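Chemist: Just need the structure, nothing else, for what follows:
(chains A, B, C, D and E, ligands or ions: 5)
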Amino acid sequence: MSVFSGKNLICVRGERTVFAGLDFSLEAGGALVLIGHNGSGKSSLLRLMSGLLKPASGTLSWDGEETGEDPEAHGGRLHYVGHHDAVKPVLSVVENVSFWASLRNGGAAANEAARAALDAFGIGHLCDVPGRFLSAGQKRRVNLARILAAPAPLWLLDEPTTALDRQTIAALEATIARHRTGGGMVVISTHSDMELDAFQVLDLADYTVRQTGLEQAS
Amino acid sequence: MSVFSGKNLICVRGERTVFAGLDFSLEAGGALVLIGHNGSGKSSLLRLMSGLLKPASGTLSWDGEETGEDPEAHGGRLHYVGHHDAVKPVLSVVENVSFWASLRNGGAAANEAARAALDAFGIGHLCDVPGRFLSAGQKRRVNLARILAAPAPLWLLDEPTTALDRQTIAALEATIARHRTGGGMVVISTHSDMELDAFQVLDLADYTVRQTGLEQAS
Amino acid sequence: MSGFMSILKRDLHLAIRQGMDNMMVVMFFVLAVVLFPFGVGPEPNILARIAAGVIWVAALLASMLSLERLFQTDYEDGSLELLTLSPIALEVIVLAKITAHWLTTGLPLIVAAPLLAVLLNMNTEGFPMLILALVLGTPSLSLIGAVGAALILGSRRGGVLLALLILPLYIPVLIFGVSAVDAVIGGFESKAQLLILSAFLMGALPLCPWAAAAGVRQAIE
Amino acid sequence: MSGFMSILKRDLHLAIRQGMDNMMVVMFFVLAVVLFPFGVGPEPNILARIAAGVIWVAALLASMLSLERLFQTDYEDGSLELLTLSPIALEVIVLAKITAHWLTTGLPLIVAAPLLAVLLNMNTEGFPMLILALVLGTPSLSLIGAVGAALILGSRRGGVLLALLILPLYIPVLIFGVSAVDAVIGGFESKAQLLILSAFLMGALPLCPWAAAAGVRQAIE
Amino acid sequence: MLHRFANPTRFLRIATLVQPWMAWSTILLAGAGLYLGLLSSPADYQQGESVRIMYVHVPAAWMAMFCYTGMAVSAGVGLIWKHPLADIAAKATAPVGACFTFLALFTGALWGKPMWGTWWVWDARLTSMLVLLFLYLGYIALANAFDDPSRGTRASSILVLVGFVNVPIIKFSVDWWNTLHQPASVIKMDGPSIDASMLWPLLLMAVAFNTYYLWVLLIRIRAEIVANKIRILRLKQVHG
Ligand code: HEM
Ligand SMILES: Nc1ncnc2c1ncn2[C@@H]1O[C@H](COP(=O)(O)OP(=O)(O)OP(=O)(O)O)[C@@H](O)[C@H]1O
Ligand SMILES: Nc1ncnc2c1ncn2[C@@H]1O[C@H](COP(=O)(O)OP(=O)(O)OP(=O)(O)O)[C@@H](O)[C@H]1O
Ligand SMILES: [Mg+2]
Ligand SMILES: [Mg+2]
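Modeler: Residues are numbered from 1 along each chain as shown, chains lettered A, B, ... in the order given. Ligands and ions are numbered 1, 2, ... in the order given. Reported below is the predicted structural model:
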């Protein structure tokens, strides 16, 4: 069973220490919810976990191996959803998603996988619409469909519910639950309530990790 | 007492009709909450109200006078908060806010007004930090401080709670309540709950307006 | 008027804070001129012959490049929407932005021009006229370029499209700017050229802010 | 390899969907060349003398302008982050993007060059060499330019800064490209110049994607 | 959406009626003009046979300016009254006008070689005509540079209006600066100063060019309207 963990992480941005001495550990099927007030470092921690940002000190490891050693392998086992939706305005919705899938699946059934993923987020009917015609929430759904279209064990989601309506948030929660049942891990930063099963909460105010049962986050 | 109303509005975007035959009317002290699923046209309606987008047909009027006749006057009586935060990375937080205030107050006490507004949203301590060092939520707060720094009767807020933490959402709710007590109007689009007193809800699924008492929106 | 000053001040402020950026327009200008001796070989008489033309062409290209961002950053971060919604007429706002742009890029260009003229072996008699022609010509370039900058907002491939739109409109300024200098070097009068350059400026001053404002308005829809 | 092809295909796809955009690079090239007769006057012998230099300088500027957007749109819409996080080595990704860029802008430029040579009265003997030199030189321009494009990501006023960074690196290509053509027109051998241009290309091919990838990595921190 | 295309639908009916007339007049007039111009009219005593280039060059040059003026008017109407047909007409005219401009430049260059001894000189008229070609190309590029076609239409309409300054410059450049190119001899205040045996074929060709333009314009507008309808139907289909 794989384990993703960080030890004594220090993050410095703009010459200011955002957090220091932060530890976490996540097992297959686990979920970690990051909470904290604005500017407490949730986005920074997620970028750090993905490898986009390098920690000023401390180590991140996957099954005991440092992730910085082989960034491509680490990139291959995670999906990151940030503030930008990476939707190309001139490509159709399905082309957008299947391109990302083809980078991981080797291009094989990328197209079918993309359509299935779009259906899961309720925009199957928009498959052939160019990206430029989408509203804020529709773009976000395309971005989320991307992570479904090619499997990866670790999901890093930075405020994924932004701009989504109720119905889609529920769909996302169900998707996350399925992902975890299949042994996937997920790290989420959020200000709003999300319904998840047994998860850990990492409060960036004091770097404490709390284990939560079947309650609501935050 | 001023009245802001729209009659038979039709909105066309990308050659597609987003909504048609929409009516609304808002009096001083009133609040209108826009709800609807992703892509139903909430953002489009707010841009239309601000004058950024022209309706394909229908009229918008303020005290019976068409707003399109004198766009500068209409611009002067409203504040718009959209998806972009308009925070300049090289200007300090207070410079950012006081520039916008100076366009309306004629430059006089813009600086003090800006500081007071920033305090109201709990980022008074960041006054001299450059915009580029802000997190998503901090930027949003700077954008919201802008509308406090120079008074205007009509506030148009497109998902203003995006990226805000609980505490700041409460501060925003209080600010809106004060604005309405002073005779201001507010139009808000939102997917999440906001606590407001007696407001109208405009559902973009069927263009109906409902009057709500002291309950939660959406 | 106070709105004009507010925006002018803010744009100058931004330009100064961003430090290097305006220096860079000048440096592009210098580099583009300096490329020529490499391109056409170092023979002094040929260089002298084409000096005025090369300096003007480089000034055109530098002005065009720097104008690409005149509205771009404000457009992308949402400031342009808010400016449009402010109680100040959009034409005034645009004029203030153009003025700030010229002060921070046009002026340094004019200062650098004589140095480059020396580098290219230009006849010293032409120097005062080169400066005078640039003083009259570069504001027109900024004004015309602003229209193009407004029109390309939100399009794909901004820079190249901008070149396509405004270089043709720059050509008259180029022709009369160069011929004013060449006339003086050749020993002729160049009053006619200067008058025409002034006429361009007088025509562009009311027309371009208006057209640019119309462009901005349709861009933010 | 399949990753390389995926990205190449997608970038070509994007370029074709955006239709006019690549045409525009060529049009800028044409326009910049056409400006010169306006600037330096229409005398055919002078134009012929500077023809090769002007065409190469214009090709440099066009290549530079079009490179500005090589990573820009991907950076702004978040695609670049995701590409970096994909299991494909960033160097390969960068090389695929450069290849797509050269195919869609470098090639058309080479096709347009002879027409402009006619316009500038260039000696027809130089035509084959002009094309050959461009075929060897423009890929180097794309490769070098990609490094600059990666370095300026996230900086404001991108275009001018990029110009500043990569124009000096373009100068050797310019010098040998022009002198290859001039040599042939003057009746000399130009094998040495061609060898040097090829050597540049061979050197840039492994080095530049690596440097550009490093630039991209630091930009998205 | 219907209100937007109510007018074009009526236009389509009229266009179907007029189009064959335009086609036939173009064929007949151009045939007569070419016969008179190339075969039965005299060669010029100064210019010899090369004068016959005139019968293409001059109408093409006129049409180049005419098309741009037409575009400017349509663009103005489209911007102010938001008439969809005006926008479509401007967009449909642009490539035709660009072709006329290119033709005028090309035949002018052909003519220049025997007359002035060079293909090209940089004088005011030739230069402003080249600028016109670039303005056409810029218009086409701008109109297609946006993801949303209506944005392209509005942006390019503003460009046409700004670029219109160039048209009077082309027309009067020969009067303001003395250049190699000869001044107007047909369209001027005190009547044409050209022999009738040349004037007639020239005028025939000019009218033929005009009807040709109208013919192509009708075809292009119809195609554009149909393309718009298809696009909207497709959008409706996918959005439900
Ligand atoms: C590429 C080069 C040329 C260009 C761009 C050009 C452009 C034009 C234009 C724009 C007009 C219309 C002027 C008006 O309506 O007032 C025109 C007319 C004319 N051009 Fe050219 N021209 C070129 C070369 C020549 C040459 C070489 C000749 C012959 C010597 C020539 C003879 C004429 C004549 C006779 C007219 C008719 C003038 C009139 O009666 O109004 N052009 N040309
Ligand atoms: N720039 C645009 N061009 C063309 N169509 C657009 C554009 N922006 C939005 N649309 C379309 O207009 C419709 C309404 O979009 P709008 O952004 O108003 O929705 P919204 O209610 O704000 O949705 P969300 O909750 O996702 O923000 C959507 O179907 C969208 O696809
Ligand atoms: N690019 C940057 N350069 C310098 N400092 C930054 C940068 N981005 C963020 N910061 C700073 O780092 C700290 C953490 O920011 P981060 O974006 O991680 O916060 P967050 O928890 O995601 O906040 P939010 O809830 O507002 O999204 C903040 O204090 C912010 O000011
Ligand atoms: Mg964040
Ligand atoms: Mg919205």
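Chemist: mind listing what's buried in stretch C:179-194?
Modeler: C:179-185, C:190, C:193-194 (16 or more other CB atoms under 10 Å in any protein chain shown). Glycine gets a C-beta too; all of them are placed from N, C-alpha and C.
Chemist: Nearest to chain D among those residues?
Modeler: Nearest to chain D among the buried residues of stretch C:179-194 is C:Asp182, at 7.3 Å by CB to the nearest CB.
Chemist: and the gap between the closest one and C:Arg49?
Modeler: Using CB to CB, to the nearest Å, C:Asp182 is found at 9 Å from C:Arg49.
Chemist: swap in C:Leu103?
Modeler: 33 Å.
Chemist: and these two? which has more neighbours close in?
Modeler: C:Arg49 (23 against 16; other CB atoms under 10 Å in any protein chain shown).
Chemist: That one touches D:Arg49, doesn't it?
Modeler: No. The criterion here is CB atoms under 8 Å, and C:Arg49 misses it with D:Arg49 at 9.4 Å.
Chemist: so where do the helices sit in chain C?
Modeler: C:2-17, C:20-40, C:44-67, C:72-76, C:79-84, C:90-101, C:107-119, C:127-151, C:158-186, C:191-219 (DSSP state H).
Chemist: how about the residues of chain E that lie near ligand 2?
Modeler: Residues of chain E found near ligand 2 (CB under 6 Å from any ligand atom) are E:Asp148.
Chemist: Is chain A within reach of stretch C:6-25?
Modeler: No. Counting by CB under 8 Å from any CB of the partner chain, chain A is not contacted by stretch C:6-25; separation bottoms out at 15.7 Å.
Chemist: buried stuff in that stretch?
Modeler: Under 16+ other CB under 10 Å, the buried positions of stretch C:6-25 are C:6-8, C:10-15, C:18, C:21-25.
Chemist: Which strands or helices does the longest helix seen in chain E pack on?
Modeler: Across chain E, the helix with the greatest residue count (assigned by DSSP H) is helix E:196-239. Under the contact criterion of 3 or more CB pairs under 8 Å, 6 or more residues apart in numbering or on different chains; DSSP states H and E, helix E:196-239 touches strand B:16-27, helix E:2-34, helix E:54-81, helix E:84-116.
Chemist: A:Val87 belongs to a strand?
Modeler: No. Judged by DSSP: H, G, I helix; E, B strand; the rest coil, A:Val87 forms no part of a strand; its state is coil.
Chemist: mind listing what it touches?
Modeler: For A:Val87, the contacting residues are A:93, A:96, A:131, A:134, A:139, A:142-143, D:77, by CB atoms under 8 Å, 6 or more residues apart in numbering or on different chains.
Chemist: Try it again at 7 Å.
Modeler: A:Val87 makes contact with A:96, A:131, A:134, A:139, A:142-143 under the criterion CB atoms under 7 Å, 6 or more residues apart in numbering or on different chains.
Chemist: Also E:Ala98?
Modeler: E:Ala98 neighbours (CB under 7 Å, 6+ apart): E:133, E:136-137, E:140.
Chemist: try 6 Å this time
Modeler: E:Tyr136 (CB atoms under 6 Å, 6 or more residues apart in numbering or on different chains).
Chemist: Against B:Gly36, how distant is it?
Modeler: 45 Å.
Chemist: Over to A:Thr59?
Modeler: Counting by CB to CB - A:Thr59 and B:Gly36 are separated by 47 Å.
Chemist: likewise C:Ala15?
Modeler: For C:Ala15 relative to B:Gly36 (CB to CB), the value is 42 Å.
Chemist: Please report which of the contacts of A:Val87 has the highest neighbour count.
Modeler: A:Asn96 (27 neighbours).
Chemist: Contacts only, for that one.
Modeler: Contacts of A:Asn96 by CB under 6 Å, 6+ apart are A:87-88, A:131, A:142.
Chemist: That one belongs to a helix, doesn't it?
Modeler: Yes. Assessed with three-state DSSP, A:Asn96 lies in a helix.
Chemist: How about the residues of chain A by ligand 1?
Modeler: Residues of chain A lying near ligand 1 (CB under 6 Å from any ligand atom): none found.
Chemist: the helices in chain A, which residues?
Modeler: Using DSSP H, helices in chain A cover A:42-50, A:71-76, A:93-105, A:110-120, A:136-149, A:166-181.
Chemist: Who are the packing partners of the fourth one?
Modeler: Taking 3 or more CB pairs under 6 Å, 6 or more residues apart in numbering or on different chains; DSSP states H and E as contact, the helices and strands that helix A:110-120 lies on are helix A:93-105, helix A:136-149.
Chemist: do that again at 10 Å, thanks
Modeler: Helix A:110-120 sits against helix A:93-105, helix A:136-149, helix A:166-181, with contacts defined as 3 or more CB pairs under 10 Å, 6 or more residues apart in numbering or on different chains; DSSP states H and E.
Chemist: What part of chain E, helix or strand, is modelled with the least confidence?
Modeler: When the helices and strands of chain E are scored by mean pLDDT, DSSP states H and E, helix E:2-34 comes last with a mean of 79.
Chemist: Buried by neighbour count: which residues of the lowest-mean-pLDDT helix or strand in chain C qualify?
Modeler: In chain C, the helix or strand scored least confidently by mean pLDDT, DSSP H and E is helix C:20-40, which has a mean of 80. By 16+ other CB under 10 Å, the buried positions in helix C:20-40 come out as C:21-40.
Chemist: Since that was my last question, I'll sign off now.
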